[in-house]
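> turn this into a structure:
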Amino acid sequence: MRSSAIIIGFLWAFSVGSIVSAQEPNNSPLSVIDWFNQHQTLKPPEETTPQVQSRKTKNTISAIEVSILPPQIPDAVGLTSSTVSGFAASIWQSSKSDKLVRMLDDMPVPRLPSLSILLTRLMVTEATPPSGTPGDFLAARVRMLTKLGDVEPALALLDRAGPETSPEIFQLWADLTLLTAQESRLCAKLAAEPSLSPGYDYLVYCLVRTGDWNAAAATLLAAEALGELDPDTTLLLTRFLDPELFEDAPNDYEIGPQTTPLTFRLYEGIGEPWPTDQLPLAFAHADLRGLSGWRAQIIAAERLASTGAVSENLLLGVYTANKPSATGGVWDRVAAVQSLESAINDRDIEYLEQLLPNVWDSMGTVGLRHVIANLFSDDLADMDWNDANTASLVHQIGLLSRSYESIANTYWPTSHREAYLISVANGTTMGTTYSGYLPDAIRSGFAGEPSAEQTFLLAQNSDGEALLTAISSVASGRDAYPSDISHAISTFQVLGLGDIARQFSLQLMLSSDPL
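Model prediction:
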């Protein structure tokens with residue numbers, strides 16, 4: 001109650017005159033949206049009709065044909081065609097959107113990059129939409145992309161569909177503009193159409209950003225009076241209006257998964273930015289804008305690279321931006337990668353033979369071995385190694401890269417395990433003798449059939465559902481049940497995703513320490 005009284009007193013000094021003058025004759029206050037429409041200062045430029053003199057003495061107007069364009073179906077929107085992505089255009093056609101929405105919302109972020117990249121590819125494919133409420137499936141796809149850290153493709157999907165498609169779509173679009181530091185787009189849209197706002201907090205935020213302090217204060221005061229904002233949000237917006245007034249006030253807000261992009265940007269605006277390593281993956285992009293310290297940038301780039309949301313070259317650029325001044329944890333990885341790049345450039349074979357095992361172990365602890373593989377495998381494969389163990393490790397590094405097919409048969413195996421890995425890369429595991437729960441599960445996957453559930457879905461032409469079921473069942477990587485691993489590989493094979501089946505299997509075997 002005390003904080004509420006302080007806020008009302010503060011806001012009243014700014015806005016009491018405006019609120020009183022904005023009342024109807026019967027003294028009932030206008031809604032905040034109505035008040036905003038009357039008092040906003042951000043107006044689109046007035047259109048003027050240009051004065052054009054015709055060179056002809058007589059003006060002739062040709063007939064204009066008018067036709068009604070068919071409405072765009074938001075759930076069909078994509079960034080790539082089915083011919084480019086490799087998925088059939090009918091992959092969702094036999095499904096219902098409400099079931100797909102539940103599957104996507106319940107799916108965890110996969111631990112292996114092959115699955116994350118496959119999901120991204122699936123989410124951005126243009127295809128015939130499922131049956132159900134228009135826009136629901138698009139929103140679920142955007143949420144899935146955001147969960148994976150792919151905020152730019154997610155925002156591009158919404159831009160293509162149109163942010164005004166539904167209130168839910170606009171809410172997602174607004175949050176993604178905040179996550180990608182494109183809040184000027186949001187504020188321009190709300191200035192033109194304030195009724196689109198997901199809430200009064202977005203209106204106040206944009207009014208403050210554009211310098212309309214009186215309108216922001218009055219809108220906030222009205223919103224609190226109407227009970228439209230909770231006390232914490234009201235207090236935070238008031239601090240955003242005048243940070244100096246609350247300079248010594250404690251910050252009791254707890255960050256976590258419930259944190260919204262707007263809350264994140266508000267705290268950034270009052271000079272109290274939060275570390276993103278405690279927030280969902282999509283927030284990590286904020287640390288890559290050059291406003292955070294080097295350590296925060298490294299952690300953010302590592303998190304995003306683990307799902308393929310940023311490129312390996314971006315992570316390498318962050319790793320090599322400075323020289324580490326400390327040891328342990330992230331700094332050991334930075335020093336190891338910098339030393340590796342330098343030794344490869346110098347073709348220092350002896351030093352590389354000492355360094356590679358340490359780099360491999362270090363990157364395995366954070367699930368980033370595929371990054372080292374994609375960055376350096378071609379250069380490493382081009383060297384002559386004195387040590388047999390190093391030659392074997394370099395071959396495994398190559399198998400974890402995107403060039404695994406061309407690298408697979410360039411090495412003569414010296415153990416059953418090495419022979420098995422080569423057979424996985426070739427997709428022909430029958431006849432191999434290397435055993436264990438994981439090798440056996442992978443071998444069964446290449447030789448077996450999808451699960452009963454996946455077989456039923458495939459028979460119903462619900463290929464998208466079958467694929468989502470397979471991905472979800474093995475999202476935990478090595479911790480998945482062996483039978484689920486087998487069935488997922490079989491499903492990938494049936495759907496023509498043999499490349500994914502091989503990459504997934506190799507990542508299971510090589511992304512962490514050897515079994």
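
> what about the helices in the stretch 301-450 of the chain?
312-319, 330-346, 349-364, 369-381, 388-399, 404-408, 416-426, 437-447 (DSSP state H, counting those that start in this stretch).

> also the stretch 51-200 of the chain?
82-85, 97-106, 113-123, 136-147, 151-161, 167-179, 183-192, 200-209.

> out of those, flag the one nearest residue 501.
helix 113-123 (9.2 Å; C-beta to C-beta). Where you see a C-beta, it was placed from the backbone N, CA and C, and this is true even at glycine.

> neighbours of residue 324, how many?
18 (other C-beta atoms under 10 Å).

> tell me the contacts of it?
331, 334-335, 338 (C-beta atoms under 8 Å, 6 or more residues apart in numbering).

> any idea how far the nearest residue to residue 111 once chain neighbours are set aside is from residue 306?
Nearest non-adjacent residue to residue 111, counting by C-beta to C-beta, 6 or more residues apart in numbering: residue 477, 3.8 Å away. For residue 477, the distance to residue 306 equals 12 Å [C-beta to C-beta, to the nearest Å].

> more neighbours: which of these two?
It is residue 306, of residue 477 and residue 306, that has more neighbours when counted by other C-beta under 10 Å, with 23 against 17.

> tell me the phi and psi of that one?
Main-chain torsions, residue 306, degrees, to the nearest 10: phi -70, psi -30.

> okay, now the nearest residue to it once chain neighbours are set aside: neighbour count?
Computed as C-beta to C-beta, 6+ apart, the closest residue to residue 306 that is not its neighbour in sequence is residue 367, at 5.1 Å. By other C-beta under 10 Å, 20 other residues sit near residue 367.

> circling back: what does the pLDDT read for the residue nearest to residue 111?
On the pLDDT scale, residue 477 is placed at 96.

> dump the residue contacts of it.
Residue 477 touches 110-112, 507-508, 511, counting by C-beta under 8 Å, 6+ apart.

> repeat for residue 366
Under the criterion of C-beta under 8 Å, 6+ apart, the contact list for residue 366 reads 302, 306, 333.

> can you tell me how far the nearest residue to the last one once chain neighbours are set aside is from residue 468?
Pointing back at residue 333 there. Leaving aside its sequence neighbours, residue 333 sits nearest to residue 362 (C-beta to C-beta, 6+ apart; 5.2 Å). From residue 362 across to residue 468, the span is 34 Å (C-beta to C-beta).

> so between those two, which is more surrounded?
Taking other C-beta under 10 Å, residue 362 and residue 468 do not tie; residue 468 has more neighbours (22 against 19).

> and the more buried one, what helix or strand is that in?
Taking DSSP states H and E as the criterion, the element that holds residue 468 is helix 463-473.

> now the helix or strand just after that helix: average pLDDT?
Sequence order places helix 482-494 as the next helix or strand after helix 463-473, per DSSP H and E. Across helix 482-494, pLDDT averages out at 98.

> ok, now stretch 75-87?
94.

> flag every buried residue along it.
Neighbour counts using 16 or more other C-beta atoms under 10 Å place 75-79, 82, 85, 87 of stretch 75-87 among the buried residues.

> OK, contacts around the closest residue to residue 421 other than its chain neighbours?
Residue nearest to residue 421 in three dimensions, not counting chain neighbours: residue 399, with 5.8 Å by C-beta to C-beta, 6+ apart. Residues counted as contacts of residue 399 (C-beta under 8 Å, 6+ apart) are 373, 407-408, 421-422, 425, 506, 510.

> one more: residue 510?
By C-beta under 8 Å, 6+ apart, the contact list for residue 510 reads 369, 396, 399-400, 421.

> again, only using 7 Å
Residue 510 sits next to 369, 396, 399-400 when contact means C-beta atoms under 7 Å, 6 or more residues apart in numbering.

> ok, of these, which come out buried?
369, 396, 399-400.

> any chance of CSV for these, columns distance to residue 283 and pLDDT?
Shown next, in CSV, are these (distance: C-beta to C-beta, whole Å; pLDDT from 0 to 100):
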residue, distance to residue 283, pLDDT
369, 25, 96
396, 34, 96
399, 33, 97
400, 28, 97
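
> which one of those is nearest to residue 310?
residue 369 (16.4 Å).

> measure that closest one to residue 511 for me?
On the measure of C-beta to C-beta, residue 369 and residue 511 end up 6 Å apart.

> burial measure for the closest residue to residue 203 other than its chain neighbours, as a count.
Spatially, and ignoring its direct neighbours in sequence, residue 203 is nearest to residue 197 (5.0 Å; C-beta to C-beta, 6+ apart). Neighbourhood size, residue 197 [other C-beta under 10 Å]: 23.

> contact partners for the residue nearest to residue 404 when sequence neighbours are not counted?
Nearest non-adjacent residue to residue 404, counting by C-beta to C-beta, 6+ apart: residue 425, 5.1 Å away. By C-beta under 7 Å, 6+ apart, the residues touching residue 425 are 399, 404-405, 408, 502, 506.

> tell me which two in the buried residues of stretch 75-87 are the farthest apart.
Counting by C-beta to C-beta, the most remote pair of those is 75 and 85, 16.0 Å apart.

> mind showing which ranges of this structure have poor pLDDT?
Scanning the chain for pLDDT under 70 picks out 1-72, 246-257, 513-515.

> break it down into its domains, please.
Domain assignment of the chain by automatic domain parsing yields the ranges 74-248+259-269, 280-319, 412-515.

> list the contacts of residue 358.
Taking C-beta under 7 Å, 6+ apart as the criterion, residue 358 is in contact with residue 336.

> what about it, distance to residue 499?
Taking C-beta to C-beta, one finds residue 358 at 31 Å from residue 499.
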